[in-house]
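Chemist: Next one to model:
(2 chains)
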Amino acid sequence: MELDSLYQEVILDHYKHPLNKKLQSDFTAQVHHVNPSCGDEITLNVNISAGIVKSVSWDGVGCSISQASTSIASDLMIGKSLDEALKIVDSFSDLMSSKGTMVGNEEILEDGVALAGVSKFPARIKCALLGWMAFKDAAIQSSKN
Amino acid sequence: MKPMFSPAEIRKDFPIFSKVMRGGNRLVYLDSGATSQKPFQVLDAERNFYEQNNAAVHRGAHLLAEEASIAYEGARQVLADFLNAELDEVIFTKSATESINAIAYSFGNTAPGSRFALKPGDRIVVSELEHHANLIPWQQLAKRTGTELVWFSIDAEGRLDQSNLNELINASTKVVAITHQSNVLGTIIPLDEIVKRAHSVGAVVVLDACQSAPHFAIDVKALDIDFLAFSGHKALGPTGVGILWGRSEYLNEMEPFLTGGSMIESVTMTEAKWAPSPKRFEAGVPNMAQAVGFAAAISYLNNLGMDNVAKHEKDLTAYALNKFKQLDKVKLIGPKDNVDRGSVISFTIEGIHPHDVGQVLDQYGVAVRTGHHCAWPLMRKLGLVGTTRASFYVYNDEADVDALVDSVLQAQKYFKV
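Modeler: Predicted structure coming up:
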């Protein structure tokens, strides 16, 4: 079924058991992003010190795609250098705008490739990008602070 | 004898129902609250206008200009009759949103001393049920003029709480802007007491009829309201055309919202004098083909009979309410009985976000609306991030409700809740 390309098992797992979904207080930047078309909301904290992503934590409400995607993104970013992390975000953005033509690089995106199918559903791409864009915004703000 | 109301027969007039949807399914279109589908009579009317009569209305002395003007003014007459209004009271806009903004901006542009002028200490009354289109224009007008914005609350079932009517609509109140039927919950607002109270304090009543006028007969004289807005595309008509209705005596006192061609009586390099309504509010070459298509849609509804339309939708809503009450872990949001209630079913499914519900339903050809339905304050009030909304119209039948229920069960199975 077409749906299975959207809702892979790994996505449903992240949705039911999201990672890093508890805001940490020792952040270097905090952002709040919303998806005005569907009402999804996310608050995301990052701690980036000496160019390394020490922690990513978040809280929010949203659909399975946005929640799972944020869970995957947060898990990926922790421990990476800021440069690396931003490259991963770009790689994911490319995947999302591929209209189903890319499968994603598993070495870079890990569980994130499970979201490749989202790119075939234009209405859901924003859901998948919510957490990633929040991270990117927070990372940029943190480097300014 | 008129034939029985038959959605299956009606669907034959709508080309879109022959489309094959995801999963090879037929289209089960339950999103008419967002926009309705269009019968070929409407598509043909628009096409015919372009093929036979196209010219800028109210200008030029050639045959096409005459025919275009006759078609356009004929459309106005159809809409006026539909609302039991006078011809000069019906203004074509591009949308209901534009209609409401036209009223709000007009009030805001009015010179001090006019009955529509707003100043600090005055009050505008809305409700928690409002669509953004009937909230934000008033909210922003209140900000610009220093006016106070207050609102009716709702109870747990989404009925309007009118217990504080006399305090809310007080002597300072200038405008009461309220929806006729909630686009999210289907709640139909009983207007009698609101209108009486508003008029007793000298306030005008603006009715957002987007969700009511396409579904049951509206008589602006019987309702005794002062302004009304609704859109063509929710009433089987084209996009890009809406209606602003207002009492003639008010419209001719009001400042126009948009200025330019057609809306003037005389112009010099430094001054302009406004034409009377409706031209006063129709600057520029209007959406003529869309107005003609809108009138064809209204004629289509008139042929069905608005009372028959209303009865059909009420029966279908009763059937759907009954089906939904039997579903496990599915919560109806909005009035649970079928009194003062339109053909809208909003619901949540425990453990599944509305966006995901909509996605699974789509796999079965079932088109619904998900999210906050442009009524974010209402969602916050209800403590919800969103709902899934099925809305019915003339082409829907019990088989559509059954398909909806089946796909809801599939969603629960898919997400293992």
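Chemist: Please count neighbours and contacts with C-alpha atoms only from this point.
Modeler: Will do.
Chemist: Could you report the neighbour count for A:E9?
Modeler: Residues lying near A:E9 (other C-alpha atoms under 10 Å in any protein chain shown) number 12.
Chemist: ok now do the residue in the stretch 51-200 of chain B positioned nearest to chain A, which residues does it touch?
Modeler: Across the stretch 51-200 of chain B, no residue is closer to chain A than B:H132, which sits at 12.5 Å (C-alpha to the nearest C-alpha). B:H132 makes contact with B:C374, B:A375, B:W376 under the criterion C-alpha atoms under 8 Å, 6 or more residues apart in numbering or on different chains.
Chemist: Can you list which of those residues are found in strands?
Modeler: Among the contacts of B:H132, DSSP state E puts none in strands.
Chemist: In JSON lines, list those along with neighbour count and pLDDT.
Modeler: Converted to JSON lines, the contacts of B:H132 look like this (neighbours: other C-alpha atoms under 10 Å in any protein chain shown; pLDDT from 0 to 100):
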{"residue": "B:C374", "neighbour count": "18", "pLDDT": "92"}
{"residue": "B:A375", "neighbour count": "21", "pLDDT": "93"}
{"residue": "B:W376", "neighbour count": "22", "pLDDT": "91"}
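Chemist: List just the nearest of the residues you listed to B:Y393.
Modeler: Of all the contacts of B:H132, B:C374 has the smallest distance to B:Y393: 20.1 Å, by C-alpha to C-alpha.
Chemist: Toward the C-terminus, what is the element adjacent to whichever strand or helix holds B:N322?
Modeler: Counting by DSSP states H and E, the element that carries B:N322 is helix B:306-325. Moving toward the C-terminus from helix B:306-325, the next helix or strand (DSSP H and E) is strand B:330-333.
Chemist: Could you spell out the sheet neighbours of that next one, each with its direction?
Modeler: The pairing partners recorded for strand B:330-333 under DSSP bridges are strand B:344-349 (antiparallel).
Chemist: now for the helix holding B:N322, which elements pack on it?
Modeler: Under the contact definition 3 or more C-alpha pairs under 8 Å, 6 or more residues apart in numbering or on different chains; DSSP states H and E, helix B:306-325 sits against strand B:330-333, strand B:344-349, helix B:398-414.
Chemist: what's the spacing between the nearest residue to A:L6 once chain neighbours are set aside and chain B?
Modeler: Counting by C-alpha to C-alpha, 6 or more residues apart in numbering or on different chains, A:G117 is the residue found nearest to A:L6 once chain neighbours are left out, at 4.9 Å. Using C-alpha to the nearest C-alpha, to the nearest Å, A:G117 is found at 13 Å from chain B.
Chemist: on that earlier part again, Provide the backbone phi and psi angles at the residue of the stretch 51-200 of chain B closest to chain A.
Modeler: For B:H132, the backbone dihedrals (degrees, to the nearest 10) come out as phi -50, psi -30.
Chemist: Tell me the pLDDT of it.
Modeler: We have a pLDDT of 97 for B:H132.
Chemist: Scan chain A for its longest helix.
Modeler: helix A:125-144 (DSSP state H).
Chemist: quick one: buried residues of that helix?
Modeler: A:125-139, A:142 (16 or more other C-alpha atoms under 10 Å in any protein chain shown).
Chemist: Give the residue spans of chain A that score low on pLDDT.
Modeler: Chain A contains no residues with pLDDT under 70.
Chemist: quick one: whichever strand or helix holds B:A142 near chain A?
Modeler: Secondary-structure assignment from DSSP H and E places B:A142 in helix B:136-145. No - Helix B:136-145 is not in contact with chain A by C-alpha under 8 Å from any C-alpha of the partner chain; minimum separation 15.0 Å.
Chemist: Dump that helix to PDB, restricted to CA.
Modeler: What follows is helix B:136-145, C-alpha atoms only, in PDB (Å, rounded to 0.1, in the frame of the first residue of the first chain):
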ATOM      1  CA  ILE B 136      -9.000  38.900  12.200                       C
ATOM      2  CA  PRO B 137     -10.600  41.800  10.300                       C
ATOM      3  CA  TRP B 138     -12.500  42.800  13.500                       C
ATOM      4  CA  GLN B 139      -9.500  42.100  15.800                       C
ATOM      5  CA  GLN B 140      -7.300  44.400  13.600                       C
ATOM      6  CA  LEU B 141     -10.000  47.000  13.200                       C
ATOM      7  CA  ALA B 142     -10.300  47.100  17.000                       C
ATOM      8  CA  LYS B 143      -6.500  47.600  17.200                       C
ATOM      9  CA  ARG B 144      -6.500  50.400  14.700                       C
ATOM     10  CA  THR B 145      -9.400  52.300  16.200                       C
END
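Chemist: Quick check: next helix or strand after that helix?
Modeler: Counting by DSSP H and E, what follows helix B:136-145 is strand B:148-152.
Chemist: who does that next one pair up with?
Modeler: Sheet pairing for strand B:148-152, assigned by DSSP bridges, gives strand B:123-127 (parallel).
Chemist: Chain A: helices as residue ranges?
Modeler: According to DSSP H, the helices that chain A contains are A:2-6, A:9-16, A:64-77, A:82-96, A:106-109, A:125-144.
Chemist: Show me what the fourth one is packed up against.
Modeler: The elements that helix A:82-96 packs onto, with contact taken as 3+ C-alpha pairs under 8 Å, 6+ apart, are strand A:52-61, helix A:106-109, helix A:125-144.
Chemist: which outside residues touch the last one?
Modeler: If I follow you right, that is helix A:125-144. A:28-35, A:40, A:42, A:44-48, A:63, A:65-67, A:69-70, A:73, A:82, A:86, A:89, A:93, A:96-97, A:115, A:118-119.
Chemist: try it again with 7 Å
Modeler: For helix A:125-144, the surrounding residues in contact (C-alpha atoms under 7 Å, 6 or more residues apart in numbering or on different chains) are A:28-31, A:33, A:44, A:46, A:48, A:65-66, A:69-70, A:73, A:86, A:89, A:96, A:118-119.
Chemist: so B:S36 makes contact with B:L236?
Modeler: Yes - B:S36 is within contact range of B:L236, at 5.3 Å (criterion: C-alpha atoms under 7 Å).
Chemist: more neighbours, the two?
Modeler: Using other C-alpha under 10 Å as the criterion, B:S36 and B:L236 rank with B:L236 on top: 28 against 24.
Chemist: Residue numbers of chain A in contact with chain B?
Modeler: Within chain A, the positions near chain B by C-alpha under 7 Å from any C-alpha of the partner chain are A:L3, A:C38, A:G39, A:G62, A:C63, A:S64.
Chemist: Touching stretch B:82-102 from outside, list them.
Modeler: Here stretch B:82-102 makes contact (C-alpha under 7 Å, 6+ apart) with B:76-77, B:80, B:133-134, B:137, B:218-221, B:229-231, B:240-248, B:257, B:277-278, B:281-282.
Chemist: What is the burial count for the residue nearest to A:L6?
Modeler: Counted with other C-alpha under 10 Å, A:G117 comes out at 25.
Chemist: for A:D4, same thing?
Modeler: Quick note: A:D4 (other C-alpha under 10 Å) scores 10 neighbours.
Chemist: hang on, the earlier thing: how about the helix holding B:N322: buried residues?
Modeler: B:306, B:308-310, B:312-314, B:316-318, B:320-321, B:324.
Chemist: Taking strand B:344-349 as reference, get the angle to it.
Modeler: 10 degrees (axes from the mean of the first three to the mean of the last three C-alpha atoms, to 10 degrees).
Chemist: Go ahead and produce CSV holding the CA coordinates of helix B:306-325.
Modeler: Extracted C-alpha coordinates of helix B:306-325, given in CSV (Å, rounded to 0.1, in the frame of the first residue of the first chain):
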residue,chain,number,x,y,z
MET,B,306,-33.0,24.6,-0.5
ASP,B,307,-35.5,23.0,1.8
ASN,B,308,-34.8,19.6,0.2
VAL,B,309,-31.1,20.3,0.4
ALA,B,310,-31.4,21.1,4.1
LYS,B,311,-33.5,18.0,4.8
HIS,B,312,-31.1,15.8,2.9
GLU,B,313,-28.2,17.1,4.9
LYS,B,314,-30.0,16.8,8.2
ASP,B,315,-30.9,13.2,7.5
LEU,B,316,-27.3,12.4,6.5
THR,B,317,-26.0,14.1,9.6
ALA,B,318,-28.3,12.1,11.8
TYR,B,319,-27.1,8.9,10.1
ALA,B,320,-23.4,9.9,10.6
LEU,B,321,-23.9,11.0,14.2
ASN,B,322,-25.5,7.7,15.0
LYS,B,323,-22.6,5.8,13.3
PHE,B,324,-19.9,7.8,15.0
LYS,B,325,-21.4,7.4,18.5
